[in-house]
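In: my questions concern the predicted model and sequence given below.
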Amino acid sequence: MRVLLSTYGSRGDVEPLVGLAVQLRALGAEVRVCAPPDEDFAQRLADVGVPMVPVGRSARALTTASPPPSSANLPRRAAELIASQFAAVTAAAEGCDVLVATGAMPAAAGARSVAEKLGIRSVSVTFQQLTLPSPHHPPLAYPGRPFPPDVTDNRVLWDLDVQNIDALFGEALNVNRASVGLPPVSNVRDYVIGDQPWLATDPTLDPWQETPDLDVVQTGAWILPDERPLPDGLEAFLGAGEPPVYVGFGSMAMHASEDVAQVAVEAVRAQGRRVLASRGWAGLALTDDQDDCFVVGEVNQQALFGRVAAVVHHGGAGTTTTAARAGAPQVVVPQLADQPYWAGRVADLGIGAAHDGPTPTAESLSAALKTALSPETRARARTVAGAIRTDGATVAAKLLLDTISAERAPKPA
């Protein structure tokens, strides 16, 4: 069986597909991944022996581009992204039995349209529930298109969400669909989600509340066990004193990275701890050369997070889940999109603290760290770690292949 996994986004959109691809291959499937042409994505997939088909521009370049996303430039960027999906995914999907679509909304819309054109079964997947319509939570707002502050009914907000997504992405999608003979889509969001979307998150961290309007399949998070050793220099730093506090903001391009780094150093030192900083896409750099600070690049977070006192991060779904699995207390400094949601989940579960806003000061970050470093928070984090599922990618791979096999099986006479 041949499977195409398609995404466009940051590391948090690509890494889960690595886990799923490995499990699919273990079950005998032939797998390839469509992803942005960033070198770190290509290397990650090469490391596990999964072919990658590059699509679109570098996600890192797009994330750090100026001006930032807005209602003025989003339709143009979406048109470029959708066109690149039609070009790359069409070639990659030839001969495939099923396509798994995830990532940015316009990219997933393009990928699902390609599957429709080719007559291939497709499955829509999200790595956080805030894009799935539900009366239990509001939708995410797009840049430049805030929801009216006086509207609090979630059902009304989800209706407005449809209008916003159609305004931003509808024309570009339908122009590309028309070019290959497909009819127009009148509701882009519901087209992307489909009849039975998959939610690839952990039920403890991200519990889905059933809604009569949507049949959601929650598989658990897709995580590939990481067996890479930690670098010698990092091992030496970890062994030279008490567990440090890890600070990293993943794929977030925080333009004031030097200020953020200095704030982090001051806040961590105020709690009597050493600092372990991850460069990430922000290029986080320490101007302090004292021996209580250390900087790392790409590293095995699964191994590392079990050896730190706390994890300070941006609130991406992957980092939140990895820290929770490791039993590491967290401080989430959310920047955008679903990150405030994950910050709230960390606080609600008692496994860390949610920083108020995206721009910490030494005082505000130190206060959040004080909560995270308390014995009560650490004990709670260890308890919750035991409830986090580890089989999400296996569950999803088996479900996907079983579903396709069942659909292809001869019908009884």
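Out: Good, I have the coordinates. Numbers count the residues shown, from 1 in each chain.

In: which residues of this protein score low on pLDDT?
Out: The chain contains residues with pLDDT under 70 at 63-71, 251-258, 281-288, 411-413.

In: try it again with 50
Out: Low-confidence segments of the chain, defined by pLDDT under 50: 254-257.

In: break it down into its domains, please.
Out: As given by automatic domain parsing, the domain ranges for the chain are 2-223+390-408, 232-385.

In: tell me how far the ends of the longest one are from each other?
Out: This stretch, domain 2-223+390-408, spans 13 Å end to end (CA to CA, to the nearest Å).

In: return the distance of it from the chain's centre.
Out: 11 Å (CA atoms, centre = their mean, to the nearest Å).

In: where does A277 land in three-state SS?
Out: strand (DSSP: H, G, I helix; E, B strand; the rest coil).

In: look up how far T321 lies from it.
Out: 21 Å (CB to CB, to the nearest Å). Any C-beta I mention is one placed from the backbone N, CA and C, and that applies to glycine too.

In: what's the local residue count around the residue lying closest to T204 once chain neighbours are set aside?
Out: Of all residues beyond its chain neighbours, the one nearest T204 is A387 (4.6 Å), with distances taken as CB to CB, 6 or more residues apart in numbering. The tally of other residues near A387 (other CB atoms under 10 Å) stands at 13.

In: hang on, A387 in a strand?
Out: No. Per three-state DSSP, A387 lies outside any strand segment and is coil.

In: quick check: P329 touching G352?
Out: Yes. P329 is in contact with G352 according to CB atoms under 8 Å; the separation is 4.9 Å.

In: and the host helix or strand of R155, what's buried?
Out: Assigned by DSSP states H and E, R155 belongs to helix 154-165. Across helix 154-165, burial judged by 16 or more other CB atoms under 10 Å covers N154, L157, W158, L160, D161, V162, N164, I165.

In: tell me the buried residues in the next helix or strand after it?
Out: Next in sequence after helix 154-165, counting helices and strands by DSSP H and E, comes helix 171-179. For helix 171-179, a neighbour-count test (16+ other CB under 10 Å) marks A172, L173, N174, N176, R177 as buried.

In: for the residues you listed, give me TSV that also has distance to V296.
Out: Converted to TSV, the buried residues of helix 171-179 look like this (distance: CB to CB, whole Å):
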residue	distance to V296
A172	39
L173	40
N174	45
N176	41
R177	45
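
In: nearest to A109 among these?
Out: Closest approach between the buried residues of helix 171-179 and A109, by CB to CB: L173, at 5.0 Å.

In: residues touching the closest residue to that closest one other than its chain neighbours, list them.
Out: Nearest non-adjacent residue to L173, counting by CB to CB, 6+ apart: A109, 5.0 Å away. By CB atoms under 8 Å, 6 or more residues apart in numbering, the contact set of A109 is I82, F169, L173, V185, V188, Y191, V192.

In: let's see it at 6 Å
Out: L173, V188, V192 (CB atoms under 6 Å, 6 or more residues apart in numbering).

In: the last one: which element?
Out: Same thing as V192. helix 188-193.

In: contacts for that helix?
Out: Against helix 188-193 from outside (CB under 6 Å, 6+ apart): A108, A109, S124, V162, I165, D166, F169, G170, L173, V185.

In: and of those, the nearest to L214?
Out: S124 (11.3 Å).

In: tally of neighbours for T204?
Out: T204: 17 neighbours (other CB under 10 Å).

In: what distance do you get for it to V346?
Out: If you go by CB to CB, the gap between T204 and V346 works out to 12 Å.

In: just V185 next, same as before
Out: Distance, V185 to V346, by CB to CB: 36 Å.

In: could you do L399 as well?
Out: On the measure of CB to CB, L399 and V346 end up 28 Å apart.

In: again with D215
Out: 28 Å.

In: ditto for E363
Out: 20 Å.

In: neighbour-wise, which of those two wins?
Out: Each of E363 and V346 has its neighbours counted (other CB under 10 Å); V346 has more, 29 against 12.

In: now do the contacts for the more buried one.
Out: By CB under 6 Å, 6+ apart, the neighbours of V346 are Q330, V332, G352.

In: how many other residues sit next to the nearest residue to the second one once chain neighbours are set aside?
Out: In this case it means V332. Distances taken as CB to CB, 6+ apart place A343 nearest to V332, at 3.7 Å, with adjacent residues excluded. Applying other CB under 10 Å, we find 25 residues neighbouring A343.
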